[in-house]
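>>> Attaching a predicted model along with its sequence, questions to come.
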Amino acid sequence: MENTDKKMMAAGSGVLVIMLLFSFIQTFRTAQNGKTLDEFLAVSMPRPLKEMILGFSLEGRTVIRDIEGNVIGDLNVKKADQKPKGSSTKAFADKGRKAKSPAAALAAQKKAQISEQRRKEFQARVIEQAERYRKSLNAQMVAAAYVEAEAEYFAKQNPKKADPSNPTDKEDKDESEKMTSAEWRSLVLTQPSQENIQKMIKALPAGEIELDTYLEISETLIKDNSQEKRRMGIWSLTSVYRQEAFIMAAHLVPDTDAASQKLLNDYMYNYNRNQTLNILEQVLKSPDSVAAAAAAQSITKAIQNIQSTKTPGNTPPASTDRGGGRTAGQPPQAQQLTLSSYQRLIPTLKFVAEKNLNNLSQWAQNLLSQLQTIKTTA
């Protein structure tokens with residue numbers, strides 16, 4: 001009985017719910033003017049009204065446009081950062097500079113200082129190079145003038161003589177095969193080896209190199225800072241016994257180191273030989289006072305050495321070997337001199353004493369008296 005009542009109550013409740021739902025649907029249909037339930041439940045996105053579209057504008061905004069002019073972005077620049085209307089370009093630039101941070105201003109100042117310093121250094125280098133070039137050019141001009149004057153002097157003193165024993169065609173052929181002065185300078189000065197020095201020494205008596213070129217190369221080597229080049233230069237100079245070589249040696253002595261001075265003095269001393277004594281006579285009568293004084297000193301020293309020995313014919317000492325295959329500074333086949341050998345100088349000494357050439361009058365008179373005494377007692 002109790003179960004039957006419960007079932008009855010549940011069925012009544014269900015019927016009531018269905019009736020209420022039916023009544024709600026009918027009421028809603030009436031409110032929607034006849035719309036169905038499906039139409040009522042359909043959903044769609046809202047769309048702006050025409051009035052809203054007409055109110056949208058880009059006026060007063062900074063935008064980014066692509067190459068075709070289409071808007072692709074908005075910078076959203078604040079009005080405080082924009083260039084104010086009516087202001088000048090300079091004022092706007094000044095405002096931008098003031099806005100820079102202190103660190104950026106300091107970096108810019110340092111960069112400007114470095115740039116200015118580099119500009120000054122570059123300008124100083126340009127001025128220095130120009131001055132060095134000017135001095136070098138002046139030195140080259142002076143050296144060229146000296147070489148030209150020296151060559152002219154040597155050419156007058158030693159005119160080149162043709163060898164009649166050689167046919168003309170052979171002589172022309174030899175001339176074409178000779179090295180020029182410039183080629184000799186380039187060869188020996190750039191490569192002052194023993195081989196090249198020997199080649200130049202042999203070329204001089206063969207007429208393959210001019211005397212002025214030979215002496216110029218020797219002088220350049222002797223004045224070089226390199227000890228090896230000085231040694232090669234002295235070897236080449238002391239291998240030649242000419243008046244011009246003696247004069248050059250006399251002028252080089254004050255400008256060389258102690259070792260080179262000794263070698264040059266020994267070289268001039270070795271002119272006290274039968275084959276080269278006549279060169280000392282020529283130097284005594286030359287207008288070169290430095291060379292004349294050196295010749296007088298060499299003669300005096302040689303006579304003193306002969307008098308200080310028991311053997312009257314003592315040979316003056318020769319310089320040490322410097323790589324020439326023979327004792328450099330010593331004439332080939334040198335013959336010994338005695339005091340009586342210097343009597344051949346008497347005419348020259350009288351001339352020097354009478355004219356007081358190169359202020360050597362007193363020296364010439366003293367040596368003349370000594371030699372005349374020897375001749376009287378002999």
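It's in.
>>> Low-confidence bits of the chain, can you list those?
For the chain, the stretches with pLDDT under 70 are 1-3, 24-100, 133-177, 310-336, 375-378.
>>> all strands for it, in order.
63-65, 71-74 (DSSP state E).
>>> Run a quick neighbour tally on E228.
11 (other Cβ atoms under 10 Å). Heads up, the C-betas are built off the backbone N, CA and C, glycines and all.
>>> thinking it is in contact with P192, fair?
Yes. If you go by Cβ atoms under 8 Å, E228 and P192 touch, sitting 7.5 Å apart.
>>> just the helices in the stretch 201-350 of the chain please.
Secondary structure of the stretch 201-350 of the chain (DSSP state H, counting those that start in this stretch): helices at 211-222, 227-237, 243-252, 258-269, 277-284, 289-307, 346-355.
>>> Mind checking the ones you listed for the one nearest to M9?
Across those, M9 has its closest neighbour in helix 227-237 (138.6 Å, Cβ to Cβ).
>>> Please point out which parts of the closest one sit buried.
Neighbour counts over helix 227-237 (16 or more other Cβ atoms under 10 Å) mark 229-237 as buried.
>>> contacting residues around I209?
I209 sits next to 178-179, 181, 184, 200, 203 when contact means Cβ atoms under 8 Å, 6 or more residues apart in numbering.
>>> what about burial for those residues, which qualify?
With burial judged by 16+ other Cβ under 10 Å, the buried subset of the contacts of I209 is 179, 181, 184, 200, 203.
>>> OK, contacts around Y241?
271, 275-276, 279, 331 are the contacts of Y241 under Cβ under 8 Å, 6+ apart.
>>> Return the residues in contact with A245.
215, 237 are the contacts of A245 under Cβ under 8 Å, 6+ apart.
>>> Show me the contacts of I209 that map onto helices.
181, 184, 200, 203 (DSSP state H).
>>> Quick check: the first one touching T213?
Right, S181. Yes. The pair S181 and T213 passes the contact test of Cβ under 8 Å, sitting 4.2 Å apart.
>>> Hmm, I234 and L264 touching each other?
Yes. Contact criterion Cβ under 8 Å: L264 and I234 qualify, at 6.8 Å.
>>> and the closest residue to P192 other than its chain neighbours, how far is that from E208?
Residue nearest to P192 in three dimensions, not counting chain neighbours: M232, with 4.5 Å by Cβ to Cβ, 6 or more residues apart in numbering. Counting by Cβ to Cβ, to the nearest Å, the gap from M232 to E208 is 19 Å.
>>> Equivalent analysis for Y267, please.
23 Å.
>>> Looking at those two, which one has more neighbours?
Set Y267 next to E208 and count neighbours by other Cβ under 10 Å: Y267 wins out with 25 against 16.
>>> Against I18, how distant is K202?
The value you get for K202 to I18, if Cβ to Cβ is used, is 146 Å.
>>> er, I247 I mean
Separation of I247 from I18 (Cβ to Cβ): 152 Å.
>>> And these two? Which one has more around it.
I247 (24 against 10).
>>> Tell me how many other residues crowd the nearest residue to that one once chain neighbours are set aside.
Once flanking residues are discounted, I247 sits nearest to A291: 4.2 Å by Cβ to Cβ, 6+ apart. For A291, the neighbour count with other Cβ under 10 Å is 24.
>>> doesn't V283 make contact with A291?
Yes. Using Cβ under 8 Å, A291 makes contact with V283 at a distance of 5.1 Å.
>>> Pull up the overlap in contacts between those two.
246-247.
>>> Quick check on the nearest residue to V240 once chain neighbours are set aside: phi, psi?
Nearest residue to V240, sequence neighbours excluded (Cβ to Cβ, 6+ apart): L204, at 6.5 Å. Here is the backbone geometry of L204 (degrees, to the nearest 10): phi -70, psi -50.
>>> ok, L204 - contacts?
L204 neighbours (Cβ under 8 Å, 6+ apart): 211, 214, 240.
>>> With that, I have no additional questions.
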